[in-house]
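Enquirer: Sequence below, structure please.
(2 chains)
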There are 2 protein chains.
Amino acid sequence: MNFTNFDKTAAYGKLAELAPAYRHFDFVSALKAERVTACTVPMAGGLSYNYAAKAVDDAVIKAFAALAEEQELVAKYHAVVDGETMNTGEGRKVLHHLLRGRFANAVNEKGRDIGEFYQNELKRFSGFASDVRAGKIAPAPGKKFGSVAQIGIGGSDLGPRAICLALDNWAALQGRKKLNAAFISNVDPDDASAVTASLPLAETLFVLVSKSGTTQETLANELFVRDKLVKAGLDPAKHMVAVTSETSPLAHNSAYLDSFYIDDYIGGRYSSSSAVGGVILSLAYGMETFSEFLSGAAEADKLAFREDIHENAALLDALIGVWERNFLAYPYTAILPYSQALSRFPAHLQQLDMESNGKRVNRNGEAIAYSTGPVVFGEPGTNGQHSFYQLLHQGTDIVPLQFIGFNESQRGEDITVDNSTSRIKLNANLAAQIIAFAKGQKVEGENRNKEFPGGRPSSLIYGNKLEPRSIGALLSHFENKVMFQGFVWNINSFDQEGVQLGKILTKKVLSGNSGDPALDAYSKLLEV
Amino acid sequence: MNFTNFDKTAAYGKLAELAPAYRHFDFVSALKAERVTACTVPMAGGLSYNYAAKAVDDAVIKAFAALAEEQELVAKYHAVVDGETMNTGEGRKVLHHLLRGRFANAVNEKGRDIGEFYQNELKRFSGFASDVRAGKIAPAPGKKFGSVAQIGIGGSDLGPRAICLALDNWAALQGRKKLNAAFISNVDPDDASAVTASLPLAETLFVLVSKSGTTQETLANELFVRDKLVKAGLDPAKHMVAVTSETSPLAHNSAYLDSFYIDDYIGGRYSSSSAVGGVILSLAYGMETFSEFLSGAAEADKLAFREDIHENAALLDALIGVWERNFLAYPYTAILPYSQALSRFPAHLQQLDMESNGKRVNRNGEAIAYSTGPVVFGEPGTNGQHSFYQLLHQGTDIVPLQFIGFNESQRGEDITVDNSTSRIKLNANLAAQIIAFAKGQKVEGENRNKEFPGGRPSSLIYGNKLEPRSIGALLSHFENKVMFQGFVWNINSFDQEGVQLGKILTKKVLSGNSGDPALDAYSKLLEV
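Expert: Residues are numbered from 1 along each chain as shown, chains lettered A, B, ... in the order given. You can find the predicted model right below:
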């Protein structure tokens, strides 16, 4: 395979040549009903990707296709699932896709089929979850677990938390919700203190999640919780399971009711499909829910192999993002789900994208001379409309947008006011925003305060309903999008060396020898 | 007073001339213990502002002072509290400071002292809150209100919600929490459906907040709630109060238990100190709590009048932000509170800043040729460290940072692991991050994957404890910072015309005549 810095490709030159004509793309003329219908790519889980309001046309998409071919984007994805060492920084395979599907070539290591190992763990934890839900595994005779609380941070928190929030209402109405889900993440002791105070400890099962078994925050919070359990007269070993790697100090430890394993080939931010997300999702909403989630993700993973960019939404989305980042020079992108259930999905995507592609060296550690991952932020609509959309519409800079919407609400309860339901109002707002951002509004006269410049590009992912399959497909779509962008930029999207220096300096401070008087001065201000 | 576009000032030229030397500010040499101690400005509420890790020195701060004088920043603030028409777009006064303090000149209109009107409403709603808390106002004989749920969106939601989250644990431990606070905001019917399902309706008081009385989302959610109350056999008039303006259709309406008023001079995002924040805060945590919050804000408002920039943290923070936006050319800024209780404070600041200063015309509606408000985003630490900090440390672009930290936790519960408490770990992480971002880390050899470029500037707001006075001071600090930046940029920070076009197009869609086939095509995709 060919690993070339992006700015050394022929496609880079071609896109740079095209770009000036698209910096003031005329959406007023271009954005017609036919374009809205035509610019749709089917996704998995019943979703579709629409890019009618992006500043692209056939010429640009042709250049995208040439770029995809030149940088061998789909071939590199094949290399990922085939078990090549694609995480070059850490010398590791990248196997999260294998958590939800099997591919032509099995990935073996030391005589072990890794896909089989993942399937085995899946079986083990789904069996465990069934037993807990059925009351066969219980905190005490005659009692049942009614709550599950995950102790984890970063990838062990944001994805699973966002998915639980996305499915909680849906699962409750389906009669699938049996345990309440809660999360403890921050080392701020107020987090563990408040969450444990809100839980019925005697009926709560804690899921300790740390791949390395050495995460400072998570270990502190584990001991916080153990201490509370003991003080409540409970046996922590009956209230806690571990999700970790087999080589971690937490593995095979009788301090836990049971332990479920992942390995080094599952990055934290890519781990929602593993036991990291699976244990709490299966416990709270049942194995069927988690299976449907996995099948949505697997279906999306399959579509991401399509060579034709018009059939590969993750690839197209990725290349539009590159176009906006490197050639239209927009340094950020906003994720705007018109769904209250997706309120924390932008926080997950923020980690997924910024931690994967916030890199300044290529996969070999050499400096690069072009921009990589953008800043990602977002809040659900319509809330954001009454908040930061002012800047999106009338600020001095352009922020590319990614909308998400659904045709049905999850809970079904609604009210008709002024001849429309709230669901209809929600989606009418979404449609109106796309047009307002793209086309803007001219004003007559000298006062331009009510003028909208337009030219703000957006895409739309839409589907029938937010349920396990669609959230699985959504998650995989963004994982694969981020992966393809990393391939374009020739960076390693799978390590996170940027988190290390802070950890090292923190340890020095805590050991009482920071080695830097300025750091000591800050520590003093903060009474460390 | 002199209203000049920023790029026409002498100070602009001076700062532009200085800037190139600061784009690669040498923090390794500059950031010494003495600088950390020296670069501290006292704030209100026991807080301090530290800018040691910002790319400024005496020469830059001297230029800031000249800019402050030339653009008459403090004089314009005086004009605000004196009741000048500083919201030029809507032809309105800007009087949120008057909600929490009185100034030399009373502001009168049509024979009415507006400050007195605000004080009167404060008295009325605090009396109401006391009566509810004491059980004198009750949903039914023998019953008491145990929950309060606010129905509002944007400024009627984000600030009050962030403050309730910030104070909930604190108030509970102080024995001041008597009602649980909840919020309904999104027009997505799943929001109102899920929140109302989680509330004991018979004991819940709803606070309907809409200044205009015409907010689409809020009116839909009000009817949703009324419908639920009726279906539960309850009388909505006994379960709902209104916060609105006296000219709104909701005013003086027997459909509410009581009504509390604000006026057009209180912008939504500046309304937390009014009945918009005060009713729910007083109900949930008591009048004393809200009074302390107001006094912290009033104290910060006073400090913001200081002419000496070394004594005026809001002014200095504002000018550092302008320096970073216009001269160092950073298009975003991150808010990073090391406090779980401040988890939604970044979302409030995102609205405050982006809605106020996301403008592309000056206060007279004329186009301007320089950048205004940045994109603002953030999550609490240490959580963010395990998420998007990778990009902040090692991305291709620089994101300026604003840290917030406290010396004491709110709940007091803690655990010692490896010789340090979680609170100590939290703050050790914060101190370490400031140094890691500023100084970075060089590496030997060709592989630069573990290299940290440093040069990432940050400020730190720190204090003893997050409590009503400090959150009031924090809120006011950012309000005044944003106001001063608007004065520098010669824009109107107090209107939000950018929200209008979406509203108009939504109405057209809902009326069945959008006038735009592309909009109809999007509506069809979304089954509107």
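
Enquirer: Can you name the residue of the stretch 101-250 of chain A nearest chain B?
Expert: A:Gly154 (2.6 Å; C-beta to the nearest C-beta). (Glycine included, C-beta is placed from N, CA and C.)

Enquirer: Just the pLDDT at that residue, thanks.
Expert: Taken from the predicted model, the pLDDT recorded for A:Gly154 is 97.

Enquirer: burial count for it?
Expert: Look at A:Gly154: counted by other C-beta atoms under 10 Å in any protein chain shown, it has 28 neighbours.

Enquirer: what's near enough to touch it?
Expert: With contact set as C-beta atoms under 8 Å, 6 or more residues apart in numbering or on different chains, A:Gly154 has these partners: A:268-269, A:351, A:355, B:383, B:385-387.

Enquirer: Those residues in helices, which ones?
Expert: When DSSP state H defines the helices, the subset of the contacts of A:Gly154 inside them is A:351, A:355.

Enquirer: Now which of the contacts of A:Gly154 would you call buried?
Expert: Buried members of these, scored by 16 or more other C-beta atoms under 10 Å in any protein chain shown, are A:268-269, A:351, A:355, B:383, B:385-387.

Enquirer: Confirm for me that A:Asp242 is in contact with A:Leu250.
Expert: Residue A:242: Ala, not Asp. Yes. Between A:Ala242 and A:Leu250 there is a contact at 4.8 Å, judged by C-beta atoms under 8 Å.

Enquirer: For the nearest residue to A:Gly268 once chain neighbours are set aside, which three-state class applies?
Expert: In space, and not counting its chain neighbours, A:Gly268 is closest to A:Gly155: 2.5 Å by C-beta to C-beta, 6 or more residues apart in numbering or on different chains. Secondary structure of A:Gly155, reduced to three states by DSSP: H, G, I helix; E, B strand; the rest coil: helix.

Enquirer: quick one: contacts for A:Gly155?
Expert: A:267-272, A:276, A:351, B:386 are the contacts of A:Gly155 under C-beta under 8 Å, 6+ apart.

Enquirer: quick one: which of those residues is nearest A:Val443?
Expert: Comparing those against A:Val443 with C-beta to C-beta picks out A:Gln351 as the nearest, at 40.6 Å.

Enquirer: so who does the closest one touch?
Expert: The contact partners of A:Gln351, taken as C-beta under 8 Å, 6+ apart, are A:154-155, A:158-159, A:269, B:386-388.

Enquirer: And the closest residue to A:Leu328 other than its chain neighbours, how far from A:Val399?
Expert: Of all residues not flanking A:Leu328 in the chain, A:Arg23 sits nearest, at 6.0 Å (C-beta to C-beta, 6+ apart). As judged by C-beta to C-beta, to the nearest Å, A:Arg23 and A:Val399 stand 15 Å apart.

Enquirer: which one of those two has more residues nearby?
Expert: When A:Arg23 is set against A:Val399 and neighbours are counted by other C-beta under 10 Å, the residue ahead is A:Val399, at 28 against 12.

Enquirer: That one and chain B: what is the separation?
Expert: Between A:Val399 and chain B the distance, using C-beta to the nearest C-beta, to the nearest Å, works out to 7 Å.

Enquirer: returning to that earlier point: among the contacts of A:Gly154, name the ones in strands.
Expert: Within those, no residue falls in strands by DSSP state E.

Enquirer: A:Leu219: which of the contacts of A:Gly154 is nearest?
Expert: A:Leu219 lies nearest to B:His386 out of these, by C-beta to C-beta, at 13.6 Å.

Enquirer: List phi and psi for A:Leu47.
Expert: Geometry field for A:Leu47 lists phi and psi as phi -90, psi 160, criterion degrees, to the nearest 10.

Enquirer: For it, which non-adjacent residue is spatially closest?
Expert: Across the structure, with C-beta to C-beta, 6+ apart as the measure, the residue nearest A:Leu47 apart from its sequence neighbours is A:Gly463 (3.9 Å).

Enquirer: and chain A, what are its domains?
Expert: As recorded under automatic domain parsing, the domains making up chain A are A:6-70+A:304-495, A:99-292, A:496-528.

Enquirer: Specify the local secondary structure of A:Ile404.
Expert: In terms of secondary structure, A:Ile404 is strand; the call rests on three-state DSSP.

Enquirer: ok, now which ones touch the closest residue to A:Gly358 other than its chain neighbours?
Expert: Closest residue to A:Gly358 in three dimensions, ignoring its sequence neighbours and counting by C-beta to C-beta, 6+ apart: B:Leu391, at 2.3 Å. With contacts defined as C-beta under 8 Å, 6+ apart, the neighbours of B:Leu391 are A:354-355, A:357-358, A:373, A:375, A:498, B:399.

Enquirer: Is it correct that A:Leu219 falls within a helix?
Expert: Yes. Assessed by three-state DSSP, A:Leu219 belongs to a helix.

Enquirer: Excluding chain neighbours, what is closest to it?
Expert: On the basis of C-beta to C-beta, 6+ apart, the spatially nearest residue to A:Leu219 that is not a chain neighbour turns out to be B:Val417, at 6.4 Å.

Enquirer: longest helix of chain A?
Expert: Among the elements of chain A assigned as helix by DSSP H, the one spanning the most residues is helix A:468-489.

Enquirer: tell me the mean pLDDT over it?
Expert: The model assigns helix A:468-489 a mean pLDDT of 98.

Enquirer: same check, this time on stretch A:209-220
Expert: Mean predicted lDDT for stretch A:209-220 stands at 95.

Enquirer: Which residues does that stretch contact?
Expert: By C-beta under 8 Å, 6+ apart, the residues outside stretch A:209-220 that reach it are A:150-153, A:156-157, A:185-187, A:208, A:242-245, A:248-251, A:262, A:264, A:266, A:268, A:271, A:276, A:503, A:506, B:382, B:386, B:415, B:417, B:422, B:425.

Enquirer: now that stretch, how far from the centre of its chain.
Expert: Here stretch A:209-220 is found 20 Å from its chain centre; the criterion is C-alpha atoms, centre = their mean, to the nearest Å.

Enquirer: Just the C-alpha atoms of it, please, in CSV.
Expert: Below are the C-alpha coordinates for stretch A:209-220, written out as CSV (Å, rounded to 0.1, in the frame of the first residue of the first chain):
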residue,chain,number,x,y,z
VAL,A,209,-14.0,0.0,32.9
SER,A,210,-10.3,0.6,32.3
LYS,A,211,-8.5,-1.2,29.5
SER,A,212,-5.1,-0.7,31.1
GLY,A,213,-6.3,-1.0,34.6
THR,A,214,-4.2,2.0,35.5
THR,A,215,-6.5,5.0,34.7
GLN,A,216,-6.0,7.4,37.7
GLU,A,217,-9.5,8.8,37.7
THR,A,218,-11.2,5.4,37.4
LEU,A,219,-9.1,3.7,40.1
ALA,A,220,-9.8,6.6,42.5
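
Enquirer: What are the buried residues along stretch A:124-144?
Expert: A:124-126, A:128-129, A:132-133, A:137-139, A:144.

Enquirer: Quick check: end-to-end length of that stretch?
Expert: Counting by C-alpha to C-alpha, to the nearest Å, you get 20 Å between the two ends of stretch A:124-144.

Enquirer: Residues contacting stretch A:435-455 from elsewhere in the structure, which ones?
Expert: Applying C-beta under 8 Å, 6+ apart, the external contacts of stretch A:435-455 come out as A:24-25, A:27-28, A:31, A:53, A:55, A:392-394, A:398, A:401, A:456-458, B:89, B:360-361, B:364-367, B:492, B:495, B:497-498, B:500-502, B:505, B:516, B:518-519, B:522.
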